[in-house]
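Peer 1: Have a look; sequence and predicted model below, questions after that.
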Amino acid sequence: MNDPTVFVVDDEAGVRSSLTRLFRSAGWATEDFASPAEFLARYDPEAAGCLVLDFAMPGMDGVELQGLLRDRGSNLPIVFLTGQAEVPDSVTALKRGALDFLTKPVEPQVLLDAVRLAFETDETDRHERAEVEELRRRADSLTPREREVFEHVVTGQLNKQIARDLGAAEKTIRIHRGRVMKKMQADSVATLVRMAERLGM
Amino acid sequence: MELYPYNWLNLLPALAGGSLLTLAAMNVALAWRRQGSAARGHLLFAVIAASAAATGIVEFLLMNTRTIDQYGALLRASHIPISLLVLSIPWFVLFLFGAGRRWLAILGNALWGIALVVNAFQPHSRVYDRITHIERVSIPGGAEFTWVSGPLHPGAWIGYAGVLAILIFVVDAAVTLWRRGEPRRVAIVGGCLGTSLAIGLLHSMLVELGGVRSPYIISVAFVVIMGGMALELVHDAVRVPILEQQVRVQEQEVAHLSRQTMLREMSGGVAHELSQPLTAILNNAEAALSFLERGSPDLNEVRGALQDIAEQDRHATEVARGLARLLKQGERQSESLDLNSLVQEAIELAGGDLSRQAIEVSTHLTSRKPVISGDRVLLSLVVLNLVRNSAEAMATVDPSERVLIVTTGMRDSGEAQVTVSDRGSGIPEADRDRVFDAFYTTRADGSGLGLAVSRTLAEMHGGRVWSEAGPGGTGTSMHIVLPGVDGIPT
């Protein structure tokens, strides 16, 4: 996996360069943008890391950018920086999943901690999503009949009951069940049930 | 037998005349101090009161006349003060209250004029063809008066018609005032003038036509009436300076509150301005330390951090100097100011709002130094309010169209001018003057005070503000004109 990157969006050049230097000093890769529009144009949704976003910027405010990112299916964690704490705005941002909302001037250590936490959140999130992706790939490799059997197995039915429901021989069901376990790489029915849950079945 | 016996009846016209002359003098004095229609109103009132006083003197003489020829001559002479009375009443109402039909006033005046011409050629006045009978009438209280009778002349009827026309004029004017919802003026015009005219007309007709034995008492009726009217006029005259005083106090309050708001806003801006360099300095310092703690420090990064720290510190110092200047402006002061830099400051102050709304500002500052005199904070607020108002006027306009044009210039009159133009939806012609009224706003969240405060502040500095359609007919242009000063701004 790529190294995580801190994406900094701030219209104040002085603040922007000080932020990227601070993050570089912590050993992280950084990319900076002078406006939300610039960020949207250059941003790669697959890139790992987090976004440090100045709240009040010309043209588009932080909450708007947050909304656009969510619309594009990006789960990039966002740490908001704001000049004056505006409570209603921060509530909106936090409700939409902002990771943190820091009032400038921010103590560098607090900011570094917030970014570190954002990285962890992003990594857990990406890991989780990658696993679900893998499970979905496995589930997609099932034949329609195997999928039917899968759905019955995870409800806790015995082969005999499944055979009756699907109008097939118990022996046939046993073979399908074996294939399902193998394709899904499940070592037990319990594991299979957890997989079904994560797939939202 | 005494010619002028001392009794209550003889005392009445004397008292009436004295009071009426006092009222006349008061109103002449008030006319001197006031202007326009109010002054004319006071002057006409003085004429009416003086005429009523003169009428009182004639009435006194009439009561005590012993011969027919003397009585006739006096009756003729009495038409001079009575004419002034009758002729000035409708114009008093027209000038002071702006009510009544002019043609009725002219008709009444014309009829009375004819009666006067007749009066000039009649030895026993326009009333009597000739006086045939004279007698002394005794009344309780030991008083007596002279009373005459005789066949009437057509001039009597013309005179009655003239007074009747003026009475109708007065009643009509009272109805108009009633419809306008001005009950106090209805009381003056209808109650005082109408009643006195009606009493005068009716009483004269009873004495001359109906043979009722009574002296003329027009002057006495007028004392009561004029007294009531004088109260109203004096009330007005006294109220104006009180109102002016109140306005002055309110202006001072507006100025005080404006200064506070402005200073708060400016210090908020300064705090924000300071937080930027401070944040940058802290981040850079922290980063530099962190780089130095590594085994092989990246000195380029450390150098960059130190350079940025120095630069940001200089920036912070600039801001701090600005703050010090600002704090010095705690008291209202008058100084020479460069309007160009005032405008630039106001635009900078509005900068955050403007860029948030994606408004492009186009500034055209005159090369002739527009120097004005006044309070820097208050005058910045005037410009700032206009800039903000124009920005808000473009809230519904497509962002690419949001252009704010700020122009300064010197007029040929030596006055300095600022014009702020927007490309908003504009102001309907009918509302153009109202936008500067307090509490007038077209926005749901507007207080309607911004432009009103601007106008008050501009006027306090001897200037004025107004609005007109923007260049090319789109949007609105707001103009501020302030008296120019020759000199170099400090």
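Peer 2: It's in. Residues are numbered from 1 along each chain as shown, chains lettered A, B, ... in the order given.
Peer 1: In chain B, mark out all the strands, start to finish.
Peer 2: For chain B, the strands identified by DSSP state E occupy B:133-139, B:143-149, B:335-338, B:360-364, B:371-374, B:403-410, B:416-421, B:464-469, B:476-482, in order along the chain.
Peer 1: and the residue positioned nearest the centre of chain A, what pLDDT?
Peer 2: In chain A, the residue lying closest to the centroid (CA atoms, centre = their mean) is residue A:125, at 3.9 Å. On the pLDDT scale, residue A:125 is placed at 88.
Peer 1: That one and residue A:75 touch, don't they?
Peer 2: Yes. In this structure, residue A:125 is within contact of residue A:75 by CB atoms under 8 Å, at 5.4 Å. The C-beta positions use only the backbone N, C-alpha and C, and glycine is treated the same way.
Peer 1: in chain A, which helix or strand is least confident?
Peer 2: Across the helices and strands of chain A, the lowest-confidence element by mean pLDDT, DSSP states H and E is helix A:87-95, at a mean of 65.
Peer 1: And chain B, by the same measure?
Peer 2: helix B:351-356 (a mean of 74).
Peer 1: tell me which residues of that one are tucked away?
Peer 2: B:354-355 (16 or more other CB atoms under 10 Å in any protein chain shown).
Peer 1: follow-up on the earlier one: how much space between the residue nearest to the centre of chain A and chain B?
Peer 2: Distance, residue A:125 to chain B, by CB to the nearest CB, to the nearest Å: 27 Å.
Peer 1: Residue B:78 versus that residue, what's the distance?
Peer 2: 110 Å (CB to CB, to the nearest Å).
Peer 1: what's the answer for residue B:408, then?
Peer 2: 70 Å.
Peer 1: Also residue A:62?
Peer 2: Applying CB to CB to residue A:62 and residue B:78 gives a distance of 92 Å.
Peer 1: more crowded one of the two?
Peer 2: Each of residue A:62 and residue B:78 has its neighbours counted (other CB atoms under 10 Å in any protein chain shown); residue A:62 has more, 25 against 22.
Peer 1: How many residues are close by the closest residue to that one other than its chain neighbours?
Peer 2: Closest residue to residue A:62 apart from its sequence neighbours, by CB to CB, 6 or more residues apart in numbering or on different chains: residue A:55 at 4.3 Å. Applying other CB under 10 Å, we find 24 residues neighbouring residue A:55.
Peer 1: Go ahead and confirm residue A:55 touches residue A:66.
Peer 2: No. Counting by CB under 8 Å, residue A:55 does not reach residue A:66; the two are 10.0 Å apart.
Peer 1: hmm, stretch B:338-351 in reach of chain A?
Peer 2: No. Stretch B:338-351 lies out of reach of chain A by CB under 8 Å from any CB of the partner chain, never closer than 9.5 Å.
Peer 1: Could I get the buried residue list for that stretch?
Peer 2: Within stretch B:338-351, the residues scored as buried using 16+ other CB under 10 Å are B:338-340, B:342-347, B:349-350.
Peer 1: ditto for stretch B:362-377
Peer 2: Those would be B:365, B:370-377, for stretch B:362-377 by 16+ other CB under 10 Å.
Peer 1: do the same with stretch A:70-86
Peer 2: For stretch A:70-86, by 16+ other CB under 10 Å, it's A:74, A:76-83.
Peer 1: Just the ones in strands from those residues, please.
Peer 2: A:78-82.
Peer 1: give the contact list for residue B:58.
Peer 2: If you count contacts by CB atoms under 8 Å, 6 or more residues apart in numbering or on different chains, residue B:58 has them with B:74, B:77-78, B:81.
Peer 1: Give me the distance between it and residue B:7.
Peer 2: Distance from residue B:58 to residue B:7, by CB to CB: 19 Å.
Peer 1: if I look at the residue lying closest to residue B:405 once chain neighbours are set aside, how far off is chain A?
Peer 2: Nearest residue to residue B:405 in three dimensions, chain neighbours excluded: residue B:421, at 4.4 Å (CB to CB, 6+ apart). Separation of residue B:421 from chain A (CB to the nearest CB): 22 Å.
Peer 1: Got phi/psi on the residue of chain A positioned farthest from its centre?
Peer 2: Largest separation from the mean C-alpha position in chain A: residue A:169, at 42.9 Å (CA atoms, centre = their mean). Note on residue A:169: backbone dihedrals following degrees, to the nearest 10 are phi -70, psi 150.
Peer 1: Quick one, grab the pLDDT at the residue nearest to it when sequence neighbours are not counted.
Peer 2: Spatial nearest neighbour of residue A:169, chain neighbours left out: residue A:163 (6.1 Å); criterion: CB to CB, 6+ apart. pLDDT recorded at residue A:163 is 88.
Peer 1: How about the contacts made by residue A:163?
Peer 2: Residue A:163 neighbours (CB under 8 Å, 6+ apart): A:169-170, A:172-173.
Peer 1: of all the residues you listed, which comes closest to residue B:221?
Peer 2: residue A:173 (123.2 Å; CB to CB).
Peer 1: could I get the buried residues of stretch A:70-86 as CSV with distance to residue A:185 and pLDDT?
Peer 2: Formatted as CSV, those follow (distance: CB to CB, whole Å; pLDDT from 0 to 100):
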residue, distance to residue A:185, pLDDT
A:74, 29, 83
A:76, 30, 88
A:77, 30, 90
A:78, 35, 89
A:79, 37, 90
A:80, 41, 86
A:81, 44, 85
A:82, 47, 78
A:83, 52, 67
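Peer 1: Residue B:26: which of those is nearest?
Peer 2: residue A:83 (65.9 Å).
Peer 1: which stretches of chain A form helices?
Peer 2: Assigned by DSSP state H, the helices in chain A fall at A:13-25, A:36-42, A:62-71, A:87-95, A:108-140, A:144-153, A:159-166, A:170-183, A:189-198.
Peer 1: Tell me which of the ones you listed approaches residue B:483 most closely.
Peer 2: Closest to residue B:483 of the helices of chain A, according to CB to CB: helix A:13-25, at 41.7 Å.
Peer 1: Residue A:129: neighbour count?
Peer 2: 11.
Peer 1: need the contact list for it.
Peer 2: residue A:75.
Peer 1: That one and residue B:245: what is the separation?
Peer 2: Taken as CB to CB, the span from residue A:129 to residue B:245 is 75 Å.
Peer 1: do residue A:108 as well
Peer 2: 59 Å.
Peer 1: is it possible to export the buried residues of stretch B:362-377 to JSON lines including pLDDT?
Peer 2: Below are those laid out as JSON lines (pLDDT from 0 to 100):
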{"residue": "B:365", "pLDDT": "89"}
{"residue": "B:370", "pLDDT": "85"}
{"residue": "B:371", "pLDDT": "87"}
{"residue": "B:372", "pLDDT": "88"}
{"residue": "B:373", "pLDDT": "86"}
{"residue": "B:374", "pLDDT": "85"}
{"residue": "B:375", "pLDDT": "81"}
{"residue": "B:376", "pLDDT": "79"}
{"residue": "B:377", "pLDDT": "77"}
